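K.L.:
Quick one, what's the 3D model for this:
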Amino acid sequence: MILLVSPEEDRHTKAMRRCLEQMGAAVTLLDLAEFPQQAQVAMKFGANHECYESVMSNYERDLNLSDYRSVWWRHSRPFVLHPELTDQIYRSFAYVECQAAISGLWLALDAFWVNHPMRSEEALRRPYQLKIAQQAGLAIPATLITNNPNRARAFIQQHGPDRTIYRAFSTTAKVWREAQLVQPKQMALLDNVCYAPVLFQEYIPPQIDLRIIAVGDALFAASALAWEENDAETDMAPYRLSPTLAAQVQTLMARLGLSYGVLHMRITADGQPVFLELNPAGDWLAVEDATQMPITEAVAQLLMRCEQVHSPAHPAMQMMPS
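P.N.:
Next up, the predicted model:
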């Protein structure tokens, strides 16, 4: 059985569910926005070390999460707390308690993940991501993360305002903070950096942009000219990775503990690939639609293959020590 953790209306979730069901898989969709107002959780540990049960219930069904051997984590919406909780202190406490319980549930679940939410959260941390990318042999832009205005000013002067971008670490539903070139207005506001760290990075002019979608051991790469200037899907084309670059990407994924990820890279004017960022739950349908590469099918096959390996009836599971 395969569990999909995602909102039902998500386009990628619909595609994944349809593909899995066409392959004959038993699929269940779980939207965490139903918890705790419309869904309840129960985790039970018995005296026997083999006794563990985790159940997610709503008014229509009980899901024994211990039955699921393969889990696809797309993304989760925020928990929806009970409206009876009106005091902000109590609401904050309740939300943190929900996070603690669900995070523990995921860690206790014996299943194959694409990707485990803990690994995804780690991989999204930009300093960690950049360090592991370097260790894997990938080139990265010169980068400074700081809340020191003087250090920020020196970094920008070193590379030039027209060759320096800045970006926030996070986005919200109301504010999407994309990377931007440093403009005179931002130079005048650099002292505000003291309020919160900002990521400054050497700007790599767009020659050829790459999207590399890693699915298990498979890599699907697409290229486009100046992606940030022309995001038309028809401009994408399959791209053949060099053996060296492919090995570096696989090393990065392994060290981050990910079985799926979307890498954004850029080929410089002298032909060097430069790593920009990785999204462990990134979109792929635009690339698939433009290039006809079977990415959805590859993810579905990975989930089904690993579900069979993690099944108690599989010989590998029967050989595990009790």
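
K.L.:
the bottom helix or strand of the protein by mean pLDDT?
P.N.:
None of the helices or strands of the chain scores lower by mean pLDDT, DSSP states H and E than helix 315-318, at a mean of 36.

K.L.:
now do the same end-to-end measure for stretch 218-236.
P.N.:
By CA to CA, to the nearest Å, the extent of stretch 218-236 from end to end equals 19 Å.

K.L.:
element containing residue 72?
P.N.:
Element membership of residue 72, judged by DSSP states H and E, is strand 70-73.

K.L.:
So which residues of the stretch 101-250 of the chain form helices?
P.N.:
117-124, 126-135, 149-159, 184-188, 243-256 (DSSP state H, counting those that start in this stretch).

K.L.:
could I get those as TSV with mean pLDDT?
P.N.:
Shown next, in TSV, are these (pLDDT from 0 to 100):
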stretch	mean pLDDT
helix 117-124	94
helix 126-135	96
helix 149-159	94
helix 184-188	80
helix 243-256	98
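
K.L.:
didn't residue 262 look like it was pressed against residue 219?
P.N.:
No: if you go by CB atoms under 8 Å, residue 262 and residue 219 don't touch, sitting 11.1 Å apart. To be clear about C-beta, it is placed using only N, CA and C from the backbone, and glycine gets the same treatment.

K.L.:
From residue 252, how far off is residue 73?
P.N.:
Distance check for residue 73 against residue 252: by CB to CB, to the nearest Å, it reads 19 Å.

K.L.:
out of those two, which sits in the more crowded spot?
P.N.:
Legend: neighbour count by other CB atoms under 10 Å for residue 73 and residue 252, higher for residue 252 (25 against 21).

K.L.:
from what I can see the more buried one touches residue 138, true?
P.N.:
Yes: contact status for residue 252 versus residue 138: in contact at 6.6 Å, counting by CB under 8 Å.

K.L.:
which residues touch the residue positioned nearest the centre of the chain?
P.N.:
The geometric centre of the chain, computed from its C-alpha atoms, lies nearest to residue 280 (CA atoms, centre = their mean), at 2.5 Å. Listed by CB atoms under 8 Å, 6 or more residues apart in numbering, the contact partners of residue 280 are 115, 119, 120, 123, 124, 256, 258, 260, 261.

K.L.:
one more time with 6 Å, if that's ok
P.N.:
115, 120, 123, 258, 261 (CB atoms under 6 Å, 6 or more residues apart in numbering).

K.L.:
quick one: residue 57 and residue 40 touch, right?
P.N.:
Yes: using CB atoms under 6 Å, residue 57 is in contact with residue 40, at 4.9 Å.

K.L.:
what's the helix or strand for residue 55?
P.N.:
With DSSP H and E as the criterion, residue 55 is inside strand 52-57.

K.L.:
Which helix or strand lies directly C-terminal to that strand?
P.N.:
strand 62-64.

K.L.:
in that following strand, what counts as buried?
P.N.:
residue 63 (16 or more other CB atoms under 10 Å).

K.L.:
what do you get for stretch 258-268?
P.N.:
Buried, per 16+ other CB under 10 Å, within stretch 258-268: 258, 259, 260, 261, 262, 263, 264, 265, 266, 267.

K.L.:
what's that stretch in contact with?
P.N.:
For stretch 258-268, contacts defined as CB under 6 Å, 6+ apart pick out 114-115, 119, 123, 204, 207-210, 212-216, 253, 273-280, 282.

K.L.:
Check the residues you listed for burial and list the buried ones.
P.N.:
114-115, 119, 123, 204, 208-210, 212-216, 253, 273-280, 282.

K.L.:
contacting residues for the residue lying closest to residue 113 once chain neighbours are set aside?
P.N.:
Once flanking residues are discounted, residue 113 sits nearest to residue 71: 5.1 Å by CB to CB, 6 or more residues apart in numbering. For residue 71, the contacting residues are 3, 111, 113, by CB under 6 Å, 6+ apart.

K.L.:
Given the strand or helix carrying the first one, what are its sheet partners and their directions?
P.N.:
When you say that, I think you mean residue 3. Per DSSP H and E, residue 3 falls inside strand 2-5. Taking DSSP bridges as the criterion, strand 2-5 pairs within the sheet with strand 27-30 (parallel), strand 70-73 (parallel).
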